[in-house]
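[1] heads up, no residue letters with this:
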């Protein structure tokens, strides 16, 4: 018998391990808990690539002193409804929630709140910030730039990150609509999986180092690039490129962070860009007070109607019909809260490695 | 010799014809000029589908009394940085500019301004509103929902419009970055062109009335649908669907307009939806004051650097490298301001038909 592919852990236990790991580096307890929350919510919602699977990378960056464990994020400029936050080179998992809260507070005061953030690091799943807005009955937006991976349409090199956009709308009896999407054609993790399995990747995902379309995972990984959402000109690849650029400008140019190909690397294996054009990477948060536009009860009733109407769409052959954005993640969360979070072997090994170096017990 | 395919007209002459056509139906002169501006800017920028080619449709809607020529758009709810505008069932070409100006005014006062609009009609190119924001040195956003044409991923019927997103960022020495994209895989007009030419459409553009992928233009037009940006699940078709839904909620649910499949038709040939869930269609405008985030001079210098950096991207084989969003439109405008606007035969025939019915001279 071969070893099981997954080991399952209660989310509370993984959360505690994350908190203690962050605290080990001097992250204050409250910040450590927030950072762990963001990671574990990703795991609970089935977004395995952004949960504890990333803890080892944060661990490395903290070990090398490349992230400030005791950051003091602060507002450097503001109006009634806008602000720029400097994240003091802290964990994005700490700076992001702090800056997002500024946007939510401003929305409650002025009807809307918009915060651009510089001097920060990777902030987990974009959707976490939107869920925080929903807790306060606000429409929340969240974007971030990330390390370069994606080519602009007609480019032959990595110039943009996966640059996600998230937004959420509350329902009344129905669950909220929670949108969270990367502006590229496919996730890098899926190319890595194809490489491990020795299978080709679909057309439209990637180019090689010369800018030629490729279905070879290795050709993408070795100096190639992911294509923007839409892939080619004919299918609207220029649109995905435009969306990624929009996220980059709002997150990084507006705040004074590093934009485009100059976003600093998230992981140690990634090269450090030749130029620095700002501080750290950038995020962008927004919030809208619903009663600034319409009676919130009426809005939520209409969202319920939207959800039911779209669920009732005539299905395409071979499908069960359209999903509502947020459905898969919410369904995963129900199961994983009850049954635990399944981790693949390499992630368990990473956590054990952290345990070995820090002395924090892990199974 | 066959007749020339295009007839070219000075933009001023087409503008004047539009103004007089709108005035013929009682649209006040100032509103008629604004509406003509929006149409002619589309023609100048090379977006032929949204310029005078649409005048005949407005003409029909005004003739039948389905649009209010003397609309009085008004704010029905507001906070410091947000508002909902009721467009009084006016021309979108009049209501849109009025509501956009509310967003720009609010941004100047409160740092940002966000306006959702109901009871309005089709508003021309999304990019026009962003250009207005740029004139006032603001970052402008513009979205609108439109008559159903696009299927959600895994759906077999039209549930969403082409729902565009536009945003613009000013440069200093370089031209502004002007993004304006529909959230679907391809334009309906391109399917019509393929039908006329008897050529198949590319994979990933459309489904037929049963929800099956089709390359047959007629199968899309006769009860089929356009696919969202990303086309299939594998290439991120769920992302295009999410973006279209986002635009729909911000434009129509937030304002109290008709959302999704219930957006009223733009053209007479389109069916009237079975249900009404609000008033007219909806738009959404936003504006951000740059100095609410960063020194505007510093921002514009960085945008120049972004533009130059992306222009210097290594080109993909067989291309001249990535374009900057807004480049093709600006280049078209230089030529067309000088040389005039080329109109195809059917559009000229439409304008002559308007001339015949209204008595306004046209060549």
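    That came through, no problem. Please read all numbers here as calculations on a predicted model, not as lab measurements.

[2] distance of residue A:352 relative to chain B?
    35 Å (Cβ to the nearest Cβ, to the nearest Å). Where C-beta positions appear, they are placed from N, C-alpha and C, glycine not excepted.

[3] not counting residues beside it along the chain, what's closest to that residue?
    Closest residue to residue A:352 apart from its sequence neighbours, by Cβ to Cβ, 6 or more residues apart in numbering or on different chains: residue A:362 at 5.9 Å.

[4] any idea which element residue A:102 lies in?
    Using DSSP states H and E, residue A:102 falls within helix A:92-110.

[5] that helix to helix B:92-110, inter-axis angle?
    Relative orientation of helix A:92-110 versus helix B:92-110 (axes from the mean of the first three to the mean of the last three Cα atoms, to 10 degrees): 100 degrees.

[6] thinking again about what came up before, surely the residue nearest to residue A:352 meets residue A:17?
    Yes. The criterion here is Cβ atoms under 8 Å, and residue A:362 meets it with residue A:17 at 5.7 Å.

[7] of these two, which one has the most company?
    Remark: of residue A:362 and residue A:17, residue A:17 carries more neighbours, 23 against 18, as counted by other Cβ atoms under 10 Å in any protein chain shown.

[8] so that one sits in a helix?
    Yes. Judged by DSSP: H, G, I helix; E, B strand; the rest coil, residue A:17 forms part of a helix.

[9] tell me the spacing between it and chain B.
    33 Å.

[10] distance check, that residue against residue A:36.
    According to Cβ to Cβ, to the nearest Å, residue A:17 and residue A:36 sit 8 Å apart.

[11] what segments of the stretch 251-363 of chain A are strands?
    Taking DSSP state E, counting those that start in this stretch to define them, one finds strands in the stretch 251-363 of chain A at A:281-289, A:341-344.

[12] for the stretch 101-250 of chain A, give me the ranges with low pLDDT.
    Low-confidence segments of the stretch 101-250 of chain A (pLDDT under 70): none present.

[13] could you pull out the helices in it for me?
    A:127-135, A:188-197, A:217-221, A:237-248 (DSSP state H, counting those that start in this stretch).

[14] closest to chain B out of the ones you listed?
    Evaluated over the helices of the stretch 101-250 of chain A, closeness to chain B peaks at helix A:237-248, with 4.2 Å, by Cβ to the nearest Cβ.

[15] what's that closest one in contact with?
    A:143-145, A:150, A:152-153, A:160-165, A:183-185, A:227-231, A:259-260, A:282, A:284, B:165, B:167, B:177, B:179, B:181-183, B:229-230, B:236, B:243, B:306, B:310, B:322-323, B:325 (Cβ atoms under 8 Å, 6 or more residues apart in numbering or on different chains).

[16] thinking again about what came up before, could the helices of the stretch 101-250 of chain A go into a markdown table alongside mean neighbour count?
    Formatted as a markdown table, the helices of the stretch 101-250 of chain A follow (neighbours: other Cβ atoms under 10 Å in any protein chain shown):
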| stretch | mean neighbour count |
| --- | --- |
| helix A:127-135 | 24 |
| helix A:188-197 | 15 |
| helix A:217-221 | 19 |
| helix A:237-248 | 28 |
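
[17] in JSON lines: those helices, plus distance to residue A:209.
    Shown next, in JSON lines, are the helices of the stretch 101-250 of chain A (distance: least, Cβ to Cβ, whole Å):
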{"stretch": "helix A:127-135", "distance to residue A:209": "33"}
{"stretch": "helix A:188-197", "distance to residue A:209": "14"}
{"stretch": "helix A:217-221", "distance to residue A:209": "7"}
{"stretch": "helix A:237-248", "distance to residue A:209": "18"}
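
[18] would you confirm that residue A:87 contacts residue A:278?
    No. If you go by Cβ under 8 Å, residue A:87 and residue A:278 don't touch, sitting 11.9 Å apart.

[19] okay, residue A:268: pLDDT?
    pLDDT, residue A:268: 74.
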